[in-house]
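> next one to model:
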Amino acid sequence: MNLSSMLLARAEAGNPVRVGLIGAGKFGSMILAQARNMPGFHVAGVADLDIGRARASLARVHWEEDRCSAKNPGEARANGTTWLTDDAISLVREESVDVVIEATGHPTAGIRHAMQAMDHGKHVIMVNVEADVLCGAVMAERAESRGVVYSMAYGDQPAAICELVDWVRASGFELVAAGKGMNFAPGYRYSTPDTVWEHYGFSEEEVASGDFNPKMFNSFTDGTKSAIEMSAVANATGLDCPEDGLRFHPAGAHDLARVFKPKSDGGRLEKAGLVDIAASREPDGRIVANHIQYGMFVTFRAPGEYTRACFRQYGLMTDDTGWYGSMWRPFHLIGLETSISVLSAALRGEPTGSTRMYRADAVAAAKGNLETGDILDGEGGYKVWAKAIPARKSVAMNALPIGLANNVRLKRAIPCDQVITMDDVDIHEDFDILDMRKDQIRLMSST
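Have a look, this model is predicted:
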């Protein structure tokens with residue numbers, strides 16, 4: 001618990017942690033909002049394909065214009081200001097940058113940015129979970145070989161889940177399940193960018209502010225983001241995805257230990273050791289009491305009778321037997337907390353969650369009956385949703401990862417909800433990513 005004092009020491013020594021941010025969207029804006037309040041935390045550069053959007057994001061989070069007026073990296077370093085550029089590769093190659101935050105949300109671009117950054121000796125904070133699920137095991141291996149940190153972004157749910165998992169294991173409990181809350185009912189699966197706002201409570205003014213991307217928010221609504229994030233958690237912790245995808249079990253905080261335990265012990269899991277979602281709605285749309293829509297959780301089992309008794313004595317919420325308990329964090333603040341990852345990497349050399357293996361995959365499934373010649377439009381769009389499945393199943397069926405399911409043409413008709421395979425589409429680009437995917441198979445866990 002000493003990151004703030006370590007950062008202050010860097011500030012007093014005139015040696016701030018210098019950060020390069022790629023992507024000035026919602027997540028990036030939240031990072032920038034906090035960075036201005038932290039002595040010793042210097043956003044040396046912001047890269048975005050639309051520099052006008054980057055300037056608008058900075059203005060939205062109350063940055064003074066002269067603070068982001070550096071004409072080049074040298075001027076930014078000398079004056080403690082920020083350089084704006086549309087060239088992400090120039091930013092990741094900049095010698096003065098210590099940590100690169102990849103927050104574009106574009107999976108293939110994110111992979112390329114991260115690999116370049118690590119090859120130039122930078123720690124990488126991967127906000128871009130889509131990129132992590134696509135090739136995270138290979139990127140983590142590259143980081144280790146370069147002596148840098150490759151990390152999930154604290155504030156996002158996967159990193160917070162990994163923290164809870166670490167707490168369970170470091171405390172000597174038996175880990176049974178891990179996951180997050182989600183506003184989900186079965187009918188949401190087929191939501192599109194045209195219908196997404198009816199599932200949120202945002203005002204028209206908020207939606208019109210320029211800070212809300214309907215496709216991105218729809219990815220949460222239709223369950224795609226859950227598949228991506230839970231696959232990332234599985235790859236970081238060694239947990240499994242359910243055989244036929246996430247089940248989205250409705251559960252409030254008081255029921256987590258009852259629901260997220262094996263069926264053999266009265267729960268709803270096919271086995272112990274799974275990731276899944278605590279849905280905040282029943283299948284008919286009714287709101288679950290005491291739901292954890294914005295939270296993350298773990299369930300765990302007492303290793304013996306004495307520990308079981310302690311669960312009861314100290315007020316832990318358990319199942320009816322007292323053997324299973326749950327711990328949860330009720331909220332996450334996205335980019336407002338990502339500085340924790342940056343400082344952990346730069347000052348401690350530790351990730352806040354990181355891919356360890358290729359254990360799970362988020363693959364594309366048809367959102368409706370698709371026709372030959374249809375062009376897939378990726379995460380949160382009109383054509384596909386993502387399904388989280390074990391990596392061994394993904395490899396066996398040659399499934400199309402959701403990260404490659406954008407702007408590709410179908411070679412044959414696909415019925416609603418069927419997983420799309422690589423053989424079903426024409427891919428004319430991203431051959432370097434395909435090579436990384438093939439290489440990643442050697443990192444697939446066999447258990």
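
> correct me, but Ala143 touches Ala137?
No. Shown here, Ala143 and Ala137 do not form a contact pair, counting by C-beta atoms under 8 Å, at 10.9 Å. All C-beta spots, glycine's among them, are computed from the backbone N, C-alpha and C.

> and Gly74, how many residues sit next to it?
The local packing of Gly74 (other C-beta atoms under 10 Å) involves 13 other residues.

> pretty sure it is in a strand, no?
No. Assessed with DSSP: H, G, I helix; E, B strand; the rest coil, Gly74 is helix; it does not lie in a strand.

> which residues touch it?
Gly74 makes no contacts at all, as judged by C-beta atoms under 8 Å, 6 or more residues apart in numbering.

> distance check, it against Ser96.
In this structure, Gly74 and Ser96 are 8 Å apart, going by C-beta to C-beta, to the nearest Å.

> do the same with Met126
Counting by C-beta to C-beta, the gap between Met126 and Ser96 amounts to 21 Å.

> pretty sure Pro16 is touching Phe41, no?
Yes. Proximity of Pro16 to Phe41 meets the contact threshold set by C-beta under 8 Å, at 6.5 Å.

> then Ala388 would be within a helix, right?
No. Residue assignment for Ala388, taken from three-state DSSP, gives strand, which places it outside any helix.

> which parts of stretch 303-321 are buried?
For stretch 303-321, the neighbour count (16 or more other C-beta atoms under 10 Å) marks Thr307, Arg308, Phe311, Leu316, Met317, Thr318, Asp319 as buried.

> contacting residues around Leu91?
Shown in contact with Leu91 (C-beta under 8 Å, 6+ apart): Gly20, Ile22, Gly45, Val46, Ala47, Trp83, Thr85, Val97, Val100.

> make TSV from these and add distance to Gly110 to it.
Rendered in TSV, the data for the contacts of Leu91 read as follows (distance: C-beta to C-beta, whole Å):
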residue	distance to Gly110
Gly20	14
Ile22	8
Gly45	17
Val46	16
Ala47	12
Trp83	21
Thr85	17
Val97	17
Val100	11
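
> quick one: which of Met126 and Ser96 has more around it?
The neighbour count for Met126 versus Ser96, taken as other C-beta under 10 Å, is higher for Met126 (33 against 14).

> which strand is the longest one in the chain?
In the chain, assigned by DSSP state E, the strand with the most residues is strand 174-182.

> how far does the next helix or strand after that strand sit from its chain's centre?
Past strand 174-182, heading to the C-terminal end, the next element that is a helix or strand (DSSP states H and E) is helix 204-207. Relative to the chain's own centre, helix 204-207 is displaced by 25 Å; criterion: C-alpha atoms, centre = their mean, to the nearest Å.

> what of stretch 100-115?
Counting by C-alpha atoms, centre = their mean, stretch 100-115 is centred 12 Å from the centre of its parent chain.

> which residues touch that stretch?
Among residues not part of stretch 100-115, those counted as contacts by C-beta under 8 Å, 6+ apart are 19-23, 25, 27-28, 31, 88-89, 91-92, 117, 122-128, 130-131, 133-135, 139, 142, 150, 153, 216, 335, 338, 342, 403-404, 430, 432-433, 436.
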